[in-house]
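Peer 1: what shape does this take:
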Amino acid sequence: IYGVPLVPLPQDAGWRWYRLKDIPGAKAWIVSSTIAYAVVALPMTYARAPFSPAAGFTTLFLLIFVSTNSHIFDIRDVVSDQKKGVATVPLLIGIRATRVVWSGLNLVLGAILIWAWLARIFPVSPAVFLPVVAIDLVALWRFTPDTPRTAYDLLLDGSLVMPLLLTGLWGTGS
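Peer 2: Numbers count the residues shown, from 1 in each chain. Predicted coordinates:
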């Protein structure tokens, strides 16, 4: 559905059909919401479990975490996206502004999750989610279009399994 023309908009020469892919930043939210849905909502629906504050905080974590990773990959691809005419957030507002926006979202996310954990409404320890947020912040500010692809593969793709590994090591901390 991401690449299918869905939205008609009038142009001088008639109508042009736009894809979700043509909306700057849409990819990150589509990918992150799909993953959050698959990881949180589907199992809850199958188990007939009610939506809880913990599920809400987990969904928020996944949305910000996966969207940040997606925008870091957009920073990597800024040269090729510019050549192809693909309008990404880093091309529209600049790499530095993209870093500032996503750093702010990650810092707010970390603060919210720490507060929720201290208030005992989110059972997952900061020892599980803070290292993942830290990895995203480091990659966000250190990775450039010239960073080797293996660094992206190891750090960003590898960070996708970190919450599971850290939960295995530390438990949820509740």
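Peer 1: contacting residues around the residue sitting nearest the centre point of the chain?
Peer 2: Central residue of the chain (CA atoms, centre = their mean): residue 67, 1.8 Å from the mean position. Residue 67 is in contact with 28, 29, 31, 32, 102, 105, counting by CB atoms under 8 Å, 6 or more residues apart in numbering. From N, CA and C alone the C-beta is placed, and that goes for glycine too.
Peer 1: just the element for it, please.
Peer 2: helix 53-76 (DSSP states H and E).
Peer 1: continuing past that helix, what's the next helix or strand?
Peer 2: helix 78-84.
Peer 1: so what touches the very next helix or strand once past that following helix?
Peer 2: Counting by DSSP H and E, the next helix or strand C-terminal to helix 78-84 is helix 89-93. The contact list for helix 89-93, computed with CB under 8 Å, 6+ apart, reads 24, 25, 28, 71, 74, 75, 78, 81, 82, 98, 101.
Peer 1: put the buried members of those into a ChimeraX selection.
Peer 2: Command for ChimeraX that selects the buried part of those, burial taken from 16 or more other CB atoms under 10 Å:
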select :24,25,28,71,74,75,78,81,98,101
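Peer 1: buried set for the helix holding residue 67?
Peer 2: Result for helix 53-76 [16+ other CB under 10 Å]: buried residues 54-55, 57-76.
Peer 1: swap in stretch 30-44?
Peer 2: For stretch 30-44, using 16+ other CB under 10 Å, the buried residues are 30, 31, 32, 33, 35, 36, 39, 40.
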